[in-house]
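[1] I would like the atomic coordinates for the input below:
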Amino acid sequence: MVPANVTLIGASAFAGTTDLEEVVFAEGSSEPLRIEEGAFGELSAFSEASKQLKEIILPMRTAYVGSGAFNNYARPIRVRMLSMNAEIADYAFGYVTVPEEESLLHEENGDAIAYLVHQ
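    Numbering: from 1, shown residues only. As a prediction, the model looks like this:
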């Protein structure tokens, strides 16, 4: 659980983690959240399928997602952004392929959805 008072996920904070199965952001803050460069990069490259992050929901207070924040995934991951106003840096979601029926970043029930699928 990421506490509500956290306003910054630093560069490469979780990069290369092999057993991160879930990230949950606590509610209760309106302070802007910044996710810096490479913060969640390369999470599943070396993890077992059962121990990989499959989805992450970024809270409404997300203001910035840095370059490569979600990059180099060996398996699919779904990123749900509750804020449609966040600044998204170039390559924030790395080099990805997208299911034919989906766009890379689209709105679904008011949430921005990004699909990350390793080629």
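[2] number of residues surrounding L58?
    By the criterion of other Cβ atoms under 10 Å, L58 has 23 neighbours. Any C-beta I mention is one placed from the backbone N, CA and C, and that applies to glycine too.
[3] thought S30 was touching A63?
    No - contact criterion Cβ atoms under 8 Å: S30 and A63 do not qualify, at 10.7 Å.
[4] which residues of this protein score low on pLDDT?
    43-51, 72-76, 94-119 (pLDDT under 70).
[5] on that earlier part again, okay, S30 and A63: which has more neighbours?
    More neighbours surround A63 than the other of S30 and A63, with 14 against 9 (other Cβ under 10 Å).
[6] quick check on that one: phi, psi?
    The phi and psi values for A63, taken as degrees, to the nearest 10, are phi -110, psi -20.
[7] next one: A39
    phi -50, psi -40.
[8] that one: neighbouring residues, count only.
    By other Cβ under 10 Å, the residues close to A39 number 23.
[9] same thing with Q52?
    The tally of other residues near Q52 (other Cβ under 10 Å) stands at 20.
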